[in-house]
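S.K.: Below: sequence and its predicted model.
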Amino acid sequence: MTNRIAVALLVLAPVACHAALSEEVPFVVTPDNVTMTMLSLAKVVPEDYVLDLGSGDGRIVITAAKRFGARGLGVEIVPELVAKSREAAAAAGVSQKAHFREQDLFLADLSPASVVTMYLLPEVNLQLRPRLLQLRPGTRVVSHDWDMGEWEPDKTVTVDVPDKPIGREKVSRVHLWIVPARVDGAWCGTGKARGTRLAISQSFQKFSGTLVDASGERAFAGKIIGEILRAPPGLTMTFDGAKLKATYTTGKYSALRGATFARQRGQTCK
(Lines give C-alpha, C1' and ligand atoms only; values in the text may rest on other atoms or scores of the structure.)
Protein backbone atom coordinates (compact mmCIF):
# COMPACT_ATOMS: atom_id res chain seq x y z
CA MET A 1 0.00 0.00 0.00
CA THR A 2 1.34 3.45 -0.79
CA ASN A 3 1.60 6.57 1.27
CA ARG A 4 1.94 9.18 -1.45
CA ILE A 5 4.07 11.91 0.03
CA ALA A 6 2.94 14.55 -2.47
CA VAL A 7 -0.58 13.26 -3.03
CA ALA A 8 -2.04 16.36 -1.37
CA LEU A 9 -1.24 18.15 -4.63
CA LEU A 10 -3.63 15.84 -6.43
CA VAL A 11 -6.58 17.06 -4.38
CA LEU A 12 -6.33 20.48 -5.97
CA ALA A 13 -5.37 19.31 -9.44
CA PRO A 14 -7.82 18.40 -12.24
CA VAL A 15 -8.60 14.72 -12.57
CA ALA A 16 -6.68 14.59 -15.86
CA CYS A 17 -3.49 15.53 -14.01
CA HIS A 18 -3.73 12.82 -11.33
CA ALA A 19 -1.93 10.14 -13.33
CA ALA A 20 0.92 12.40 -14.47
CA LEU A 21 1.59 13.66 -10.94
CA SER A 22 1.19 10.32 -9.19
CA GLU A 23 3.80 8.62 -11.33
CA GLU A 24 6.41 11.04 -9.96
CA VAL A 25 5.51 10.35 -6.31
CA PRO A 26 7.38 7.65 -4.33
CA PHE A 27 5.50 5.25 -2.10
CA VAL A 28 6.21 3.95 1.39
CA VAL A 29 5.62 0.25 2.03
CA THR A 30 3.26 -0.74 4.83
CA PRO A 31 5.21 -3.02 7.21
CA ASP A 32 3.91 -6.59 7.43
CA ASN A 33 2.95 -6.30 11.11
CA VAL A 34 0.91 -3.18 10.31
CA THR A 35 -0.76 -4.96 7.41
CA MET A 36 -1.82 -7.79 9.73
CA THR A 37 -3.02 -5.31 12.33
CA MET A 38 -5.14 -3.46 9.77
CA LEU A 39 -6.84 -6.63 8.54
CA SER A 40 -7.26 -8.05 12.04
CA LEU A 41 -8.73 -4.80 13.36
CA ALA A 42 -11.25 -4.88 10.51
CA LYS A 43 -12.05 -8.51 11.45
CA VAL A 44 -11.70 -9.62 7.84
CA VAL A 45 -13.36 -12.96 7.03
CA PRO A 46 -13.62 -15.00 3.81
CA GLU A 47 -16.94 -13.37 2.92
CA ASP A 48 -15.36 -9.90 2.79
CA TYR A 49 -14.34 -7.88 -0.24
CA VAL A 50 -11.29 -5.76 0.60
CA LEU A 51 -10.65 -2.62 -1.45
CA ASP A 52 -7.18 -1.11 -1.01
CA LEU A 53 -6.86 2.48 -2.23
CA GLY A 54 -3.33 3.21 -3.39
CA SER A 55 -2.31 -0.44 -3.23
CA GLY A 56 1.39 -0.08 -4.08
CA ASP A 57 3.03 -3.51 -4.15
CA GLY A 58 -0.29 -5.21 -3.37
CA ARG A 59 0.56 -6.71 0.00
CA ILE A 60 -2.70 -5.69 1.72
CA VAL A 61 -4.92 -7.44 -0.83
CA ILE A 62 -2.60 -10.43 -1.14
CA THR A 63 -2.44 -10.88 2.64
CA ALA A 64 -6.22 -10.54 2.89
CA ALA A 65 -6.57 -13.37 0.38
CA LYS A 66 -3.80 -15.62 1.68
CA ARG A 67 -4.23 -15.24 5.43
CA PHE A 68 -7.94 -14.38 5.73
CA GLY A 69 -9.47 -16.01 2.63
CA ALA A 70 -11.06 -12.77 1.44
CA ARG A 71 -11.44 -11.49 -2.10
CA GLY A 72 -10.08 -8.05 -2.86
CA LEU A 73 -9.05 -5.37 -5.30
CA GLY A 74 -6.06 -3.05 -5.17
CA VAL A 75 -6.39 0.28 -6.97
CA GLU A 76 -3.06 1.79 -8.01
CA ILE A 77 -2.18 4.44 -10.58
CA VAL A 78 1.42 3.35 -11.30
CA PRO A 79 1.48 0.63 -13.99
CA GLU A 80 4.72 -0.94 -12.76
CA LEU A 81 3.29 -1.41 -9.28
CA VAL A 82 0.13 -2.98 -10.68
CA ALA A 83 2.24 -5.45 -12.68
CA LYS A 84 4.37 -6.20 -9.62
CA SER A 85 1.24 -6.80 -7.54
CA ARG A 86 -0.20 -9.24 -10.07
CA GLU A 87 3.08 -11.15 -10.16
CA ALA A 88 3.16 -11.31 -6.37
CA ALA A 89 -0.44 -12.53 -6.21
CA ALA A 90 0.36 -15.30 -8.71
CA ALA A 91 3.47 -16.29 -6.75
CA ALA A 92 1.37 -16.44 -3.55
CA GLY A 93 -1.25 -18.59 -5.28
CA VAL A 94 -4.08 -16.10 -4.72
CA SER A 95 -4.50 -14.52 -8.17
CA GLN A 96 -8.09 -15.80 -8.29
CA LYS A 97 -8.95 -13.73 -5.21
CA ALA A 98 -6.49 -10.83 -5.27
CA HIS A 99 -6.98 -8.50 -8.23
CA PHE A 100 -5.33 -5.21 -9.16
CA ARG A 101 -6.42 -2.34 -11.37
CA GLU A 102 -4.52 0.61 -12.80
CA GLN A 103 -6.79 3.49 -11.82
CA ASP A 104 -6.92 6.84 -10.09
CA LEU A 105 -8.22 6.13 -6.57
CA PHE A 106 -10.58 9.11 -6.81
CA LEU A 107 -12.35 7.39 -9.70
CA ALA A 108 -12.66 3.98 -8.06
CA ASP A 109 -16.09 2.48 -7.40
CA LEU A 110 -16.13 1.93 -3.63
CA SER A 111 -19.58 0.33 -3.44
CA PRO A 112 -18.57 -3.37 -3.65
CA ALA A 113 -16.30 -3.10 -0.61
CA SER A 114 -17.09 -4.45 2.83
CA VAL A 115 -13.60 -3.34 3.97
CA VAL A 116 -11.66 -0.32 2.67
CA THR A 117 -7.97 0.08 3.52
CA MET A 118 -5.86 3.22 3.03
CA TYR A 119 -2.39 4.64 3.63
CA LEU A 120 -2.94 8.16 2.34
CA LEU A 121 -2.42 11.67 3.63
CA PRO A 122 -5.04 13.49 5.76
CA GLU A 123 -6.09 15.79 2.92
CA VAL A 124 -6.88 12.81 0.72
CA ASN A 125 -8.73 11.02 3.52
CA LEU A 126 -10.92 14.10 3.91
CA GLN A 127 -11.59 14.16 0.16
CA LEU A 128 -12.69 10.53 0.31
CA ARG A 129 -14.69 10.86 3.54
CA PRO A 130 -18.07 11.83 1.98
CA ARG A 131 -17.92 8.82 -0.34
CA LEU A 132 -16.91 6.47 2.46
CA LEU A 133 -19.86 7.65 4.56
CA GLN A 134 -22.19 6.70 1.70
CA LEU A 135 -21.11 3.05 1.82
CA ARG A 136 -23.31 0.33 3.28
CA PRO A 137 -23.71 0.63 7.06
CA GLY A 138 -21.28 -1.73 8.71
CA THR A 139 -18.55 -1.33 6.08
CA ARG A 140 -15.19 -1.14 7.85
CA VAL A 141 -12.65 1.51 6.91
CA VAL A 142 -9.06 1.17 8.11
CA SER A 143 -6.37 3.83 7.74
CA HIS A 144 -2.68 3.56 8.48
CA ASP A 145 -1.52 6.61 10.52
CA TRP A 146 -3.91 9.27 9.25
CA ASP A 147 -7.39 10.06 10.58
CA MET A 148 -10.46 11.68 8.99
CA GLY A 149 -10.90 14.90 10.90
CA GLU A 150 -14.16 15.25 12.80
CA TRP A 151 -15.15 11.68 11.97
CA GLU A 152 -13.45 10.12 14.96
CA PRO A 153 -12.23 6.51 14.72
CA ASP A 154 -14.26 3.85 16.48
CA LYS A 155 -10.98 2.28 17.55
CA THR A 156 -7.26 3.07 17.28
CA VAL A 157 -4.35 0.76 18.04
CA THR A 158 -0.62 1.52 18.11
CA VAL A 159 1.91 -0.81 16.51
CA ASP A 160 5.67 -0.76 17.10
CA VAL A 161 7.59 -0.32 13.81
CA PRO A 162 11.31 -0.07 14.65
CA ASP A 163 12.34 0.26 10.99
CA LYS A 164 9.72 2.81 9.98
CA PRO A 165 11.36 4.99 7.30
CA ILE A 166 9.32 8.15 7.89
CA GLY A 167 8.66 10.22 11.00
CA ARG A 168 10.53 10.35 14.30
CA GLU A 169 8.21 8.00 16.16
CA LYS A 170 8.89 4.38 15.32
CA VAL A 171 5.25 3.44 15.71
CA SER A 172 2.22 3.29 13.45
CA ARG A 173 -1.35 4.09 14.40
CA VAL A 174 -4.10 2.06 12.83
CA HIS A 175 -7.56 3.62 12.85
CA LEU A 176 -10.86 1.81 12.35
CA TRP A 177 -14.20 3.32 11.41
CA ILE A 178 -17.47 1.43 10.99
CA VAL A 179 -19.71 3.23 8.53
CA PRO A 180 -22.84 4.29 10.45
CA ALA A 181 -26.39 4.07 9.19
CA ARG A 182 -27.80 7.45 8.19
CA VAL A 183 -30.72 8.05 10.55
CA ASP A 184 -30.75 11.80 11.04
CA GLY A 185 -34.22 13.32 10.94
CA ALA A 186 -37.81 12.87 12.12
CA TRP A 187 -39.48 9.48 12.58
CA CYS A 188 -43.05 8.40 13.27
CA GLY A 189 -44.13 5.35 15.22
CA THR A 190 -46.01 2.62 13.35
CA GLY A 191 -48.28 -0.16 14.59
CA LYS A 192 -48.45 -0.20 18.39
CA ALA A 193 -46.13 2.84 18.48
CA ARG A 194 -48.45 4.98 16.39
CA GLY A 195 -48.59 8.46 17.88
CA THR A 196 -44.97 8.30 19.08
CA ARG A 197 -42.56 10.79 17.54
CA LEU A 198 -38.81 10.38 17.32
CA ALA A 199 -36.31 13.09 16.34
CA ILE A 200 -32.66 12.18 15.81
CA SER A 201 -29.67 14.46 15.31
CA GLN A 202 -26.59 12.66 13.97
CA SER A 203 -22.93 13.61 13.74
CA PHE A 204 -21.09 10.74 12.06
CA GLN A 205 -21.48 7.76 14.47
CA LYS A 206 -22.71 9.85 17.40
CA PHE A 207 -26.38 10.72 17.83
CA SER A 208 -28.84 12.33 20.19
CA GLY A 209 -32.58 12.46 20.09
CA THR A 210 -35.93 13.00 21.72
CA LEU A 211 -38.84 10.62 22.01
CA VAL A 212 -42.33 12.03 22.49
CA ASP A 213 -45.34 9.90 23.34
CA ALA A 214 -48.35 9.97 25.66
CA SER A 215 -46.12 9.80 28.74
CA GLY A 216 -44.09 12.86 27.78
CA GLU A 217 -40.72 13.68 26.25
CA ARG A 218 -37.50 11.75 26.87
CA ALA A 219 -34.01 12.59 25.66
CA PHE A 220 -31.38 10.03 24.76
CA ALA A 221 -27.93 9.88 23.19
CA GLY A 222 -25.53 7.22 22.05
CA LYS A 223 -23.45 5.72 19.27
CA ILE A 224 -24.22 4.09 15.94
CA ILE A 225 -22.26 0.96 15.06
CA GLY A 226 -23.22 -0.04 11.54
CA GLU A 227 -26.99 -0.55 11.66
CA ILE A 228 -27.23 -0.61 15.46
CA LEU A 229 -28.10 2.48 17.53
CA ARG A 230 -27.23 2.11 21.21
CA ALA A 231 -28.44 4.70 23.70
CA PRO A 232 -27.37 3.47 27.15
CA PRO A 233 -28.66 2.39 29.50
CA GLY A 234 -32.06 1.38 28.20
CA LEU A 235 -32.56 1.66 24.44
CA THR A 236 -31.16 -0.14 21.39
CA MET A 237 -32.59 0.26 17.89
CA THR A 238 -31.79 -1.42 14.58
CA PHE A 239 -32.06 0.21 11.16
CA ASP A 240 -33.05 -2.12 8.30
CA GLY A 241 -32.58 0.41 5.51
CA ALA A 242 -36.13 1.74 5.77
CA LYS A 243 -37.36 1.51 9.37
CA LEU A 244 -36.01 1.74 12.89
CA LYS A 245 -36.97 -1.01 15.31
CA ALA A 246 -36.54 -0.98 19.08
CA THR A 247 -34.75 -4.30 19.65
CA TYR A 248 -33.78 -3.83 23.30
CA THR A 249 -35.59 -1.71 25.85
CA THR A 250 -35.60 -1.46 29.60
CA GLY A 251 -36.57 1.02 32.31
CA LYS A 252 -38.38 4.06 30.99
CA TYR A 253 -38.18 2.63 27.45
CA SER A 254 -39.72 -0.77 28.27
CA ALA A 255 -43.02 -0.02 26.57
CA LEU A 256 -41.22 0.51 23.24
CA ARG A 257 -39.98 -3.06 22.88
CA GLY A 258 -40.59 -4.19 19.30
CA ALA A 259 -41.86 -0.75 18.25
CA THR A 260 -41.04 0.38 14.72
CA PHE A 261 -40.57 3.85 13.26
CA ALA A 262 -40.76 5.10 9.67
CA ARG A 263 -39.37 8.36 8.35
CA GLN A 264 -41.81 11.22 8.78
CA ARG A 265 -43.51 12.32 5.59
CA GLY A 266 -44.84 15.85 5.57
CA GLN A 267 -44.88 18.25 8.49
CA THR A 268 -46.27 15.95 11.16
CA CYS A 269 -46.82 12.30 12.02
CA LYS A 270 -50.30 11.22 10.89
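M.R.: In hand now; what should we look at?
S.K.: Could you find the closest non-adjacent residue to G251?
M.R.: G234 (4.1 Å; C-beta to C-beta, 6 or more residues apart in numbering). Quick note: C-beta positions are derived from backbone N, CA and C, even for glycine.
S.K.: With R140 instead?
M.R.: A42 (4.3 Å).
S.K.: wait, doesn't that neighbour sit right on V115?
M.R.: Yes - counting by C-beta atoms under 8 Å, A42 touches V115, with 4.8 Å between them.
S.K.: S111 - how many residues pack around it?
M.R.: Around S111 there are 11 other residues, counting by other C-beta atoms under 10 Å.
S.K.: mind checking the SS state of it?
M.R.: coil (DSSP: H, G, I helix; E, B strand; the rest coil).
S.K.: what's it sitting at in phi/psi?
M.R.: Phi and psi for S111, reported as degrees, to the nearest 10, are phi -60, psi -30.
S.K.: contacting residues for it?
M.R.: Counting by C-beta atoms under 8 Å, 6 or more residues apart in numbering, S111 touches 135-136.
S.K.: If we use 7 Å, what do you get?
M.R.: Neighbouring residues of S111 by C-beta atoms under 7 Å, 6 or more residues apart in numbering: L135.
S.K.: ok, now the one 4 residues further on?
M.R.: Each residue near V115 by C-beta under 7 Å, 6+ apart is listed here: 42, 44, 48, 50, 140, 142.
S.K.: Is the fourth one bridged to anything, and to what?
M.R.: Think V50. G72, V115 (DSSP bridges).
S.K.: okay, now it: neighbour count?
M.R.: 28.
S.K.: so what's the residue nearest to L256 when sequence neighbours are not counted scoring on pLDDT?
M.R.: Computed as C-beta to C-beta, 6+ apart, the closest residue to L256 that is not its neighbour in sequence is A246, at 4.4 Å. The model reports A246 with a pLDDT of 96.
S.K.: L9 now?
M.R.: Looking at L9, its pLDDT reads 30.
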